[in-house]
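Participant: Fold the following.
(chains A and B)
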Number of protein chains: 2
Amino acid sequence: MIGVDWGTSSLRAYRIGPDGVVRSRRDLPRGILTVEPGGFPDVLTQMIGDWVGQGERRVLLCGMVGSRQGWIEAPYLPCPAGLEALAAAAIAVPFEGAEVRLLPGLSWRDAHGVPEVMRGEETQILGAAIGPAEATVCLPGSHSKWARVKDGAVLGFRSHLTGEAFAALAGHTILARMMDPRARHHPGGFARGVARAKQAGGLLHHLFGLRAAGLFDEITEDEAASFLSGLLIGHEVAAALEDGVAPPIILIGAPALTERYGAALDAFGVPHSVAAPDAAAQGLFLIAQRLT
Amino acid sequence: MIGVDWGTSSLRAYRIGPDGVVRSRRDLPRGILTVEPGGFPDVLTQMIGDWVGQGERRVLLCGMVGSRQGWIEAPYLPCPAGLEALAAAAIAVPFEGAEVRLLPGLSWRDAHGVPEVMRGEETQILGAAIGPAEATVCLPGSHSKWARVKDGAVLGFRSHLTGEAFAALAGHTILARMMDPRARHHPGGFARGVARAKQAGGLLHHLFGLRAAGLFDEITEDEAASFLSGLLIGHEVAAALEDGVAPPIILIGAPALTERYGAALDAFGVPHSVAAPDAAAQGLFLIAQRLT
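Facilitator: Predicted coordinates for the structure are as follows:
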């Protein structure tokens, strides 16, 4: 089979054997934002046409390709929802030469009725947290997600605007004068930010404290951006832990991010592990097995 | 006497009688950022030259005019510090025809050693919170400040980057697509934001929830910016209350801001009052009385 994770800014395809092992993987910078309306079949053909030509007949898509801005909209599936429910909700997409299906994302509402959404992450989460025991999966990013998973189903999840808040605060407040948001990661500065997040006072107060530390030459330009990153990630982790987690927390993401979240979780004394690569492929394979 | 509050972006002068009553006030958009190096005497002459010509001989300046980017740098005075200490730390500034003095700002360190600074707000705070009993003064703004005051001295204070965070998040994240940061204040949206801030989950999670509410058409474009404002101010107020306050909290600032903070404090059930106008003039007068 072929599994495709088609996000806002990236497109990744996996050729997966009947044993679930990834035989081949490909990336293209053809996220849905780069695709003209009506252009999805052509881009998919560029991506996997040769694999289809070689006999692959089953294709499963996940991610923003199922959003209103994507190929065909697949309405969000409310949590709790797992492998079976996702398979049952897959939408058939017309495509020459193969049976293409597209998965919905998941939605959830917290105790106060506030909505949550994800598209694509659910396949990574269900591919990484296998087994009957409850697990917590964290996917760092622009909109970090923390999901509770049990027995192949996502029970619920929360998102945090951490990555976007970092970019906005580092680039568009007085903090911008004291840092380069693209500066090399500074582990000491990051650790200081996480330690600050564990103290009282609130995030907005801690943000001003970073500015004041700059005024008193108590932080260097080299470490300021990493301090801000540690501060925000520390606040995110603190909120997630308050919500309750089932350790070890499984981290999924680029190494640069999972290492930072791992360091923050260490500072809070919470065990964690990093998911095997290609968790999305594993999730797509497990869902494909349940397609009728 | 003449009291002058010379900030980053604005310049305000008061002519004050020996009874402490403001006889006249003036504003100019000549904050220190608009003044060339060496240009401060000329701008001050434009502002108050006629009053000096009419016989006023004592001039007291406060605000960013005493910073490194100002006229002459007056090093921060560490808290606790009050009217007497500020008067004693005033720096004489050469000026034709009058005795001009310039006040330092205040600094403070919290229990963790993190620094805090203010320049100019201290005169407003000490002008508004008069008397021997402990009081809490809140000055909303780009860098909101909450000060503990007792017997004419500032014991300590905390700042929050609330106003700047609002501008950065409203203008430079995905939230920008769902709001106009300059939209008219929407009291219902603001109240929803404050109510959300009182719930668990953390600010970064609440920011994503606003985005998700937009996706589900559960918030209108009219109310989204006010929701964000309420969310941030609510988080600031919650952090300030956790730190301990002495109600009624005295609010100082533009009516549009003190009304919002008043509404947020109401939602938390905390009594508050608004300082009389020209608290800065009152503070400058009280300090001037203590000059040797």
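
Participant: how about the residues of the stretch 151-292 of chain A near chain B?
Facilitator: Proximity of the stretch 151-292 of chain A to chain B is confined to A:158-162, A:164-165, A:167-169, A:171-175, A:196, A:199-205, A:207-209, A:211-213, A:215-216, A:218, A:232, A:235-236, A:238-240, A:242-243 under the rule Cβ under 8 Å from any Cβ of the partner chain. The C-beta positions use only the backbone N, C-alpha and C, and glycine is treated the same way.

Participant: Can you say which of those residues are buried?
Facilitator: Neighbour-count burial (16 or more other Cβ atoms under 10 Å in any protein chain shown) applied to those gives A:158-162, A:164-165, A:168-169, A:172-175, A:196, A:201-205, A:207-209, A:211-213, A:215, A:232, A:235-236, A:238-240, A:243.

Participant: From those residues, which land in helices?
Facilitator: Among these, DSSP state H puts A:162, A:164-165, A:168-169, A:172, A:196, A:203-205, A:207-209, A:211-213, A:215, A:232, A:235-236, A:238-240, A:243 in helices.

Participant: domain ranges for chain A?
Facilitator: Residue ranges for each domain of chain A read A:2-137+A:276-288, A:162-274, as given by automatic domain parsing.

Participant: Next, format those as TSV and append mean pLDDT.
Facilitator: Shown next, in TSV, are those (pLDDT from 0 to 100):
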stretch	mean pLDDT
domain A:2-137+A:276-288	96
domain A:162-274	96
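
Participant: In a markdown table, list those along with distance to B:Arg25.
Facilitator: Below are those laid out as a markdown table (distance: least, Cβ to Cβ, whole Å):
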| stretch | distance to B:Arg25 |
| --- | --- |
| domain A:2-137+A:276-288 | 46 |
| domain A:162-274 | 29 |
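
Participant: Please identify which of the ones you listed is closest to B:Leu28.
Facilitator: If you check each of these against B:Leu28 by Cβ to Cβ, domain A:162-274 wins as the nearest, at 23.6 Å.

Participant: residues contacting A:Lys214?
Facilitator: Residue A:214: Gly, not Lys. Taking Cβ atoms under 8 Å, 6 or more residues apart in numbering or on different chains as the contact definition, A:Gly214 lies against A:177-178, A:224.

Participant: Take these and keep only those in helices.
Facilitator: A:Ala224.

Participant: Name the member of the contacts of A:Gly214 with the most neighbours.
Facilitator: Most neighbours among the contacts of A:Gly214, by other Cβ atoms under 10 Å in any protein chain shown: A:Ala224, with 27 neighbours.

Participant: what residues are up against it?
Facilitator: Taking Cβ under 8 Å, 6+ apart as the test, what A:Ala224 contacts is A:175, A:178-179, A:183, A:189, A:210, A:214.

Participant: Let's see that with 10 Å instead.
Facilitator: Residues in contact with A:Ala224 (Cβ atoms under 10 Å, 6 or more residues apart in numbering or on different chains) are A:170, A:175-181, A:183, A:186, A:189, A:192-193, A:210-211, A:213-214.

Participant: can you check A:Gly3 too?
Facilitator: By Cβ under 10 Å, 6+ apart, A:Gly3 lies in contact with A:12-16, A:22, A:25, A:48, A:58-62, A:123, A:127, A:278, A:280-285, A:287-288.

Participant: And those residues, which of them are buried?
Facilitator: Neighbour-count burial (16+ other Cβ under 10 Å) applied to those gives A:12-16, A:22, A:48, A:59-62, A:123, A:127, A:278, A:280-285, A:287-288.
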